[in-house]
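A.B. asks: The following comprises the amino acid sequence and a computationally predicted model.
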Amino acid sequence: MKRAIITGVSGQDGSYLAELLLSHDYEVHGIVRKQHYPSRPWFDNLVRQAKLAGQRLFLHQITLHDTTALQRLLSQVCPHEVYHLAGQSHVGLSFDIPESTCDFTGMGTLRLLEIVRSCSPPPRFLHASSSEIFGIPAQVPQDETTPHHPVSPYGAAKSLATNLVRIYRESYGLFACNAICFNHESPRRGTSFVTRKITQAAARIKLGLESELALGDLDAQRDWGYAPDFVSGFHRLLQHHEPMDCIFATGQLHRVQDWLDIAFNHLDLDWRNYVVFDPRFARKAEPTLLVGRPTRAQQVLHWTPSLSFDAMVIRMVEHDLQWQRMRRAA
Ligand code: GDP
C-alpha cells in the first residue's frame with residue numbers, strides 16, 4: 001500500500017486529492033492547521049467515514065513552520081509521495097499580508113524540501129505552483145519554459161518556491177515536480193474567489209436571499225479549469241518515470257463576465273440588474289493574458305480536462321442552489 005502526505009488537505013485541491021488517493025488504495029496522511037473546519041462540509045464528510053478515518057486516512061495538526069514536527073511525521077510515515085498544496089492562495093490578500101504569504105509559501109516550501117532531502121529514501125515531491133508566477137508574461141500562451149514575471153507578492157513567493165523545487169531536483173536528484181496550475185474551480189472553491197462568489201450570489205439572488213453583487217473588473221480574463229481534473233494531473237505527474245515541471249490548464253481564456261452570463265442565464269436572471277462595481281475588488285496590478293499551453297500534460301501524461309467551461313459553471317451554480325436551499329430549510 002502506497003503512503004502519501006498532503007499539506008493543505010482540507011482545502012479544495014487537498015480534499016479532492018485525498019479522495020482520489022483513497023480510491024487508489026493509498027494510506028493518506030493530511031496535514032491541517034486547525035482540527036475543525038465547520039464551514040467545509042465535504043472535508044467533515046471525508047473525515048467522518050469511519051472505515052477510512054484512523055485506518056487509511058490520518059490527520060495531523062501541524063503548522064508548516066514547525067520543522068521538527070514535520071520531520072518527525074515524515075520519518076514516522078515514510079511516505080512514497082508528498083503533495084505540497086498548503087498556502088495562502090489569495091492573490092488580492094497577499095498585498096495585505098505580503099510577509100506571511102512569502103514566509104509560508106516560499107520558505108515553507110524550502111523547509112519541506114530540506115526535510116524530504118534528508119529522508120532515506122526521499123519521497124516523490126509535488127509542489128502545486130501557480131500561473132501567477134507568469135504575471136505579465138513574455139509569451140502567450142505560457143508553457144513550462146516561459147520566464148517568470150510575477151506582479152503580486154503571492155506570485156513572487158510562488159516563483160521562489162517553484163525555482164527551489166527545480167533547483168532541488170537538478171542539484172540533489174530529488175523526484176521533485178512543479179504542477180504549474182492555472183485557475184481551477186469547483187463547488188469547493190472559497191467564496192472570496194470571483195468564480196464561487198458569482199455562483200453563490202446567483203443562487204442566493206434566485207432564492208431572494210440577496211439583491212446585489214459587488215464586483216471589481218468584469219473584463220479580467222483567466223484560464224479557468226475544473227479542480228478535480230487538476231488533482232488527477234498531480235497524481236499522474238508523480239507516477240511518471242522521470243520528474244519534471246508540468247503546466248495544468250485548459251488553454252482557453254474567459255472573462256469574469258462569462259461567469260456572470262452563464263451562471264445568471266442558467267437561473268433565468270439578468271446579471272445587469274444585480275451587479276455593481278466596487279473598487280475594493282479591483283486589483284493594484286492585474287496579470288494579463290494568463291493562459292496555459294497544457295501540451296506536455298496532454299502528450300506525456302495523457303491528461304485531458306473532463307468538463308467544459310460552461311458545464312463547470314453550471315455544476316457550481318447547481319451545487320450552490322441546492323446548498324442554499326438546504327441551509328434555508330434547516
Ligand atoms: P486569482 O486569479 O487567484 O486572483 O482569482 P480570483 O478569483 O480572486 O480573481 C480572478 C479575477 O477576477 C481577477 O482578475 C480579479 O481582479 C477579478 N475580479 C473581479 N471582481 C472580483 C471580485 O469581486 N473578487 C475577486 N476575488 N476577484 C474579482
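C.D. replies: Looks like it arrived, so ask away. Note that this is a predicted model, so its numbers are computed, not measured.

A.B. asks: Gln71 reaches Ser118, doesn't it?
C.D. replies: Yes: the pair formed by Gln71 and Ser118 meets the contact definition of Cβ atoms under 8 Å, at 7.4 Å. (C-beta placed from N, C-alpha, C; glycine too.)

A.B. asks: Neighbour count for those two, which is higher?
C.D. replies: When neighbours are counted by other Cβ atoms under 10 Å, Gln71 and Ser118 differ, and Gln71 comes out ahead with 16 against 11.

A.B. asks: Wasn't the more buried one part of a strand?
C.D. replies: No: counting by DSSP: H, G, I helix; E, B strand; the rest coil, Gln71 is not part of a strand but helix.

A.B. asks: Excluding chain neighbours, give the residue nearest to it in space.
C.D. replies: Counting by Cβ to Cβ, 6 or more residues apart in numbering, Ile115 is the residue found nearest to Gln71 once chain neighbours are left out, at 5.1 Å.

A.B. asks: wait, what's in contact with the one you found?
C.D. replies: 67, 70-71, 74 (Cβ atoms under 8 Å, 6 or more residues apart in numbering).

A.B. asks: rerun that using 10 Å as the cut-off
C.D. replies: Shown here is Ile115, whose contacts under the criterion Cβ atoms under 10 Å, 6 or more residues apart in numbering are 67-68, 70-75, 82, 122-123, 125.

A.B. asks: which SSE is it in?
C.D. replies: Secondary structure from DSSP states H and E places Ile115 in helix 108-118.

A.B. asks: So which bits of that helix are buried?
C.D. replies: Along helix 108-118, these residues count as buried under the neighbour rule (16 or more other Cβ atoms under 10 Å): 108-109, 111-113, 115-117.

A.B. asks: ok, so of the residues you listed, who is nearest His24?
C.D. replies: Nearest to His24 among those is Val116, at 21.3 Å by Cβ to Cβ.

A.B. asks: Test my guess that that closest one contacts Tyr83.
C.D. replies: No: the criterion here is Cβ atoms under 10 Å, and Val116 misses it with Tyr83 at 11.6 Å.

A.B. asks: mind checking the backbone torsions on Gly225?
C.D. replies: Backbone geometry at Gly225, expressed as degrees, to the nearest 10, gives phi -110, psi -170.

A.B. asks: Look up how far the ligand lies from it.
C.D. replies: Here the distance between Gly225 and the ligand works out to 12 Å (Cβ to the nearest ligand atom, to the nearest Å).

A.B. asks: and what of Pro98?
C.D. replies: Using Cβ to the nearest ligand atom, we find Pro98 at a distance of 15 Å from the ligand.

A.B. asks: Wait, a helix at Thr146?
C.D. replies: No: with three-state DSSP as the criterion, Thr146 is located in coil rather than a helix.

A.B. asks: per-residue confidence at it?
C.D. replies: pLDDT, Thr146: 98.

A.B. asks: Number of residues surrounding it?
C.D. replies: 19.

A.B. asks: Enumerate every residue touching it.
C.D. replies: The contact partners of Thr146, taken as Cβ under 10 Å, 6+ apart, are 131, 133-134, 137-140, 180, 247, 292-293.

A.B. asks: returning to that earlier point: now list whatever residues contact both of Val116 and Tyr83.
C.D. replies: Any residue near both Val116 and Tyr83 by Cβ under 10 Å, 6+ apart counts here, and that gives 5, 123-125.
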